[in-house]
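Novice: Below is the structure, and that's it, no one-letter string:
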């Protein structure tokens, strides 16, 4: 089973389906966690979102039609889980959310480098929609075309979002540097 | 080309690939624009620094938690397969932090076929010898093996033990016998269902632990009832 492709595994049915899903979990939960962490800034929240993501993988397994790569489908699904989570937080409008988040970010930062810490904070000043473009590109090596596939939007829309995201990141970084 | 367009292309060059024409156009602009030269170095530095952001590993608790969540939601049998397989998949990979899961926490729904069969304890002894096999490959094999067992409703539980000598006790309290402690080579255990010893042995022989040179001790569990 370990020699099977991702697509063969997700399309596995019957008594082998459990083992196939377990194999997919083994292969991809690290990268799913990476994406969730980059989107939320909190490793323990990322753990929860990975769980939620793989529950959805099982729930929506039958909707995978093989037209896209499994990883594209998975990224799309994980991204939706992250956005749902962020929207939930926004809706709840917890007054101390920002402080909590930043405290957690500090906790997750092991490298005591000021600039890196500021960059981390700057990343979380972006809207989730802008942040995810940077995350998918920088941390997951996606091209614009691949990002467009995950986000289900046009190439030009991705480009526009990327341009704004990187500009905003720089502005946020400068603001944070001036606050220090 | 104006500076606005130049910044777009600088970003494109970092996040994707420029066409030859765009690259030539950008370079021509950069040569004549000090501000964009500076901008490019700033964007490049930021882009480079992003790579240095810490990346935590998934929590080893995650698989256990997944099992718990699955158990509480009483999902379909196959859902529990993932939890059990995820747990066992990381059983012996010390670097992964030691995933562990007792079926009672999340996988009990998996046991439906052979509830009346005897259960066996598989004590995991010794270290697997990886050779040229990567830890990732080994993990995949554990996942596949555990998933297979779970799909046959044979996997009841599994835990990894901490990598310390533990404590040996006797009538006089804690033993200081280092030779005794050195014999402690148990790294974890599986609990499986099988028809008899031969069947349990046949299952055990297919495990990645045996494949990679480890030892499994099999003991039939003798249920005690009042």
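Specialist: Perfect, thanks for sending it. Quick caveat: nothing in here was measured; it's all calculated off a predicted structure. Residues are numbered from 1 along each chain as shown, chains lettered A, B, ... in the order given.

Novice: what's the closest non-adjacent residue to residue 125?
Specialist: You didn't say which chain, so I picked chain A. Nearest in space to residue A:125, with sequence neighbours left out and distances taken as CB to CB, 6 or more residues apart in numbering or on different chains, is residue A:172 at 4.1 Å. In this view, the C-beta of every residue, glycine as well, is placed from N, C-alpha and C.

Novice: should've been chain B
Specialist: Residue B:125 sits nearest to residue B:215 (CB to CB, 6+ apart), 4.2 Å away.

Novice: give me phi/psi at the one you found?
Specialist: phi -120, psi 140 (degrees, to the nearest 10).

Novice: Enumerate every residue touching the residue nearest the centre of chain A.
Specialist: In chain A, the residue lying closest to the centroid (CA atoms, centre = their mean) is residue A:35, at 3.0 Å. By CB atoms under 8 Å, 6 or more residues apart in numbering or on different chains, residue A:35 lies in contact with A:75, A:78-79, A:82, A:135-136, A:139-140.

Novice: hang on, the earlier thing: tell me which helix or strand the residue nearest to residue A:125 sits in.
Specialist: helix A:155-179 (DSSP states H and E).

Novice: Need the residues that contact that helix.
Specialist: With CB under 8 Å, 6+ apart as the test, helix A:155-179 has contacts from A:118-119, A:121-123, A:125-126, A:129-131, A:133-134, A:137, A:144-145, A:147-148, A:151, B:7-8, B:11-12, B:14-15, B:42-43, B:46.

Novice: tell me the domain ranges of chain A?
Specialist: A:1-95, A:109-180 (automatic domain parsing).

Novice: How far off centre is the shortest one?
Specialist: Read that as domain A:109-180. 12 Å (CA atoms, centre = their mean, to the nearest Å).

Novice: Also the first one?
Specialist: What separates the centre of domain A:1-95 from the centre of its chain is 10 Å, taken as CA atoms, centre = their mean.

Novice: rewinding a little: give me the subset of the contacts of residue A:35 touching chain B.
Specialist: residue A:139 (CB under 8 Å from any CB of the partner chain).

Novice: so where's chain B uncertain?
Specialist: Scanning chain B for pLDDT under 70 picks out B:58-115, B:135-137, B:139-140, B:143-144, B:147, B:151-152, B:177-183, B:226.

Novice: where does residue B:217 land in three-state SS?
Specialist: Counting by DSSP: H, G, I helix; E, B strand; the rest coil, the backbone at residue B:217 sits in strand.

Novice: Buried residues in stretch B:129-138, which are they?
Specialist: Within stretch B:129-138, the residues that qualify as buried are residue B:138, counting by 16 or more other CB atoms under 10 Å in any protein chain shown.

Novice: Compute the first-to-last residue distance for that stretch.
Specialist: End-to-end distance of stretch B:129-138: 10 Å, with CA to CA, to the nearest Å as the criterion.
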